[in-house]
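> Got a predicted structure plus its sequence, pasted below:
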Amino acid sequence: MSERKLRLLVAKPGLDGHDRGAKIVARAFRDAGFEVIYTGLRQTPEQIVNTAIQEDVDAVSLSILSGAHNTLFAKVIELLKAKGADDMPVFGGGIIPEDDIPGLKAVGVKEIFTPGTSTEDINTWVRDNIKPRA
């Protein structure tokens with residue numbers, strides 16, 4: 001029996017109205033053989049967490065360009081923990097200053113991908129670091 005496909009949620013938290021990058025990453029995930037659920041624009045952390053739980057995803061990928069990454073990434077992680085789903089790793093990318101990455105990792109973000117990261121590099125990281133949940 002073959003191993004099941006990884007299920008990844010790609011989400012756009014906050015009021016950011018641009019999703020080209022998220023769609024490119026979502027398509028790259030799909031093309032790499034992952035199952036992808038895309039939330040669409042302007043999702044609250046609560047909506048993202050509820051979708052992640054309903055869809056029983058293996059990981060949550062957040063895309064953010066608005067500058068609210070420190071608040072929104074932390075809120076998603078906090079809500080996952082509160083709902084007993086802290087075994088869903090959170091990673092993401094967008095316009096995130098290098099100086100903010102250590103703080104994001106300290107609150108539990110597994111990896112941050114900055115502009116210019118290839119989709120091949122992101123897919124390799126996912127294959128190496130995200131495992132199907134039980």
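Received, thanks. Numbers count the residues shown, from 1 in each chain.

> shaky segments in this structure?
1-2 (pLDDT under 70).

> most centrally placed residue in it?
Central residue of the chain (Cα atoms, centre = their mean): S61, 0.9 Å from the mean position.

> can you pull up the bridge partners for that one?
Counting by DSSP bridges, S61 is bridged to V10, F91.

> Not counting sequence-adjacent ones, nearest residue to T117?
G93 (6.6 Å; Cβ to Cβ, 6 or more residues apart in numbering). To be clear about C-beta, it is placed using only N, CA and C from the backbone, and glycine gets the same treatment.

> so who does the one you found touch?
With contacts defined as Cβ atoms under 8 Å, 6 or more residues apart in numbering, the neighbours of G93 are G21, V25, L62, S63, I64, I112, F113, T114, P115, T117, I122.

> got it, and K83?
Applying Cβ under 8 Å, 6+ apart, one finds that K83 lies in contact with V49, I53.

> do the same with A85
Here A85 is in contact with V49, A52, I53 (criterion: Cβ under 8 Å, 6+ apart).

> Return the distance of it relative to D128.
22 Å (Cβ to Cβ, to the nearest Å).

> Which of the three states applies to the nearest residue to S66 once chain neighbours are set aside?
Spatial nearest neighbour of S66, excluding adjacent residues (Cβ to Cβ, 6+ apart): D16 at 4.1 Å. Classification of D16 by DSSP: H, G, I helix; E, B strand; the rest coil places it in coil.

> Mind checking which of the contacts of A85 are in helices?
Counting by DSSP state H, the contacts of A85 place V49, A52, I53 in helices.

> Adding distance to V10 and neighbour count, write the residues you listed out as CSV.
CSV is the format used below for those (distance: Cβ to Cβ, whole Å; neighbours: other Cβ atoms under 10 Å):
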residue, distance to V10, neighbour count
V49, 14, 26
A52, 11, 26
I53, 16, 16
